[in-house]
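J.: This is the structure alone, sequence omitted:
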Ligand code: MG
């Protein structure tokens, strides 16, 4: 009984009960406990909904694991719409032979992350596939939350003159995953920033309800995400390289590996674009949150080069930051 068996997903009674116990023990709440075919939820007003699948390799990494990441990733996407995340569903694809101790640790981590984020997991599903048909564990989560502001932040709302902020340092998650996978170690340890941003977003919206854009720079990093926003809004974005927070350990690791931290994934940071007049209020609100102490104003929205992102280097040169080409790091989240 120490590994996931094929019949755990197909209704063998004792083993099925064992797996159900494991999930209920860590994720249980009054809605999940009803065991009906679907959860019945009460929400008012506009609702934000998002879904994401998590296939990160390795499943345990410095600063988190696939379980907490599966909560943070979806909760953060819901929060980026100016919403308070409330409910999650989760679907598990388990590979036959996965140690039950690993599964227990992952599901416990999910439960902890969900409680900390103030969301309830209200529906779930487990499938087991034969050894080799999946790699250990894949998790899909879908989240919904109530939108707190009108109009909601959107990638289409960046306006010329707006200030561009980030909530903290860039590239931590991507480099933590890559270095763990490759067995590399740097002078200072590099830890994933995987975290739930809904508290920080709540503070930000309370201080500045008219946030034009909120987005988490996950796969493709800051550079790719800002290119998406520039394209959606039909504006240019100009960044001041020296203002972009990058931890020395991440900058050093990237230099060794030939990577650019502006293209590495983040899992606990957001980009925030606000009217220039609200930039300091937004900065103060983010810095007041434990996850935003390194928040910074990093650039502005400009009329020039619409759809493109330019970086002003410390020597005053200017170069375009394109979208990430191809897949820099597969299975990063
Ligand atoms: Mg996102």
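T.: Right, received. Where do you want to start? As the structure is a computational prediction, the values presented were derived from the model and not from experiment. Numbering: from 1, shown residues only.
J.: Can you name the residue of the stretch 1-150 of the chain nearest the ion?
T.: When scored by Cβ to the ion, the stretch 1-150 of the chain has residue 77 as its residue closest to the ion, at 4.4 Å. For the C-beta atoms, the positions are set from N, CA and C on the backbone; glycine is no exception.
J.: which residues does the residue lying closest to that residue once chain neighbours are set aside contact?
T.: For residue 77, the nearest residue in space outside its immediate sequence neighbours is residue 50; the separation is 3.9 Å by Cβ to Cβ, 6 or more residues apart in numbering. Residue 50 makes contacts with 74, 77-78, 81, 142-143, as judged by Cβ atoms under 8 Å, 6 or more residues apart in numbering.
J.: Near the ion, which residues of the stretch 1-150 of the chain are found?
T.: Within reach of the ion by Cβ under 5 Å from the ion, the stretch 1-150 of the chain has these residues: residue 77.
J.: how does it look with 8 Å?
T.: Applying Cβ under 8 Å from the ion, we find that the stretch 1-150 of the chain lies next to the ion at 50, 73, 76-77, 80.
J.: Domains in this protein, by residue range?
T.: The record's domain parsing of the chain by automatic domain parsing lists 6-147, 163-321.
J.: Over to the closest residue in space to residue 46 that isn't next to it in sequence: give its phi and psi.
T.: Distances taken as Cβ to Cβ, 6+ apart put residue 147 closest to residue 46, at 4.3 Å, once the chain neighbours are dropped. Residue 147 adopts backbone torsions of phi -70, psi 130, taken as degrees, to the nearest 10.
J.: Does residue 147 have any beta-bridge partners, and if so which?
T.: residue 83 (DSSP bridges).
J.: Let me know whether it touches residue 49 as I believe.
T.: No. Using Cβ atoms under 8 Å, residue 147 is not in contact with residue 49; the gap is 10.3 Å.
J.: Between those two, tell me which one has more neighbours.
T.: Neighbour totals were compared for residue 147 and residue 49, and residue 147 leads with 17 against 14 (other Cβ atoms under 10 Å).
J.: Relative to residue 123, how far out is that one?
T.: From residue 147 over to residue 123 the distance is 21 Å, taken as Cβ to Cβ, to the nearest Å.
J.: what about the helices in the stretch 1-150 of the chain?
T.: In the stretch 1-150 of the chain, the segments counted as helices under DSSP state H, counting those that start in this stretch are 13-27, 66-79, 100-117.
J.: Next up, the contacts around residue 295.
T.: Contacts of residue 295 by Cβ under 8 Å, 6+ apart are 165-168, 283, 286-287.
J.: Quick check: helices, which of those are part of them?
T.: Using DSSP state H, the members of these that fall in helices are 283, 286-287.
J.: Return the closest of those residues with respect to residue 101.
T.: The nearest member of the ones in helices among the contacts of residue 295 to residue 101, counting by Cβ to Cβ, is residue 286 at 38.2 Å.
J.: burial count for residue 274?
T.: Neighbourhood size, residue 274 [other Cβ under 10 Å]: 27.
J.: right, and it touches residue 207 too?
T.: No. Using Cβ under 8 Å, residue 274 is not in contact with residue 207; the gap is 9.9 Å.
J.: residues shared between the contacts of the two?
T.: residue 282.
J.: hang on, residue 157 is in a strand, isn't it?
T.: No. Using DSSP: H, G, I helix; E, B strand; the rest coil, the assignment for residue 157 is coil, not a strand.
J.: distance of it from the ion?
T.: As judged by Cβ to the ion, to the nearest Å, residue 157 and the ion stand 16 Å apart.
J.: So that residue sits against residue 234, correct?
T.: No. Assessed by Cβ under 8 Å, residue 157 is found out of contact with residue 234, at 11.1 Å.
J.: who's more crowded, the two?
T.: Per other Cβ under 10 Å, whichever of residue 157 and residue 234 has more neighbours is residue 157, with 18 against 12.
J.: Could you pull up the residues touching the more buried one?
T.: Applying Cβ under 8 Å, 6+ apart, the residues contacting residue 157 are 151, 212-213, 233, 273.
J.: can you do 7 Å?
T.: Counting by Cβ atoms under 7 Å, 6 or more residues apart in numbering, residue 157 touches 212-213, 233.
J.: For those, pick the one with the most neighbours.
T.: residue 213 (25 neighbours).
J.: nearest residue to residue 44 other than its sequence neighbours?
T.: In this structure, residue 44 finds its nearest non-sequential neighbour in residue 146, 7.1 Å apart by Cβ to Cβ, 6+ apart.
J.: sorry, back to before: just put the contacts of residue 295 in JSON lines and tack on neighbour count.
T.: Shown next, in JSON lines, are these (neighbours: other Cβ atoms under 10 Å):
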{"residue": "165", "neighbour count": "23"}
{"residue": "166", "neighbour count": "26"}
{"residue": "167", "neighbour count": "31"}
{"residue": "168", "neighbour count": "23"}
{"residue": "283", "neighbour count": "22"}
{"residue": "286", "neighbour count": "27"}
{"residue": "287", "neighbour count": "17"}
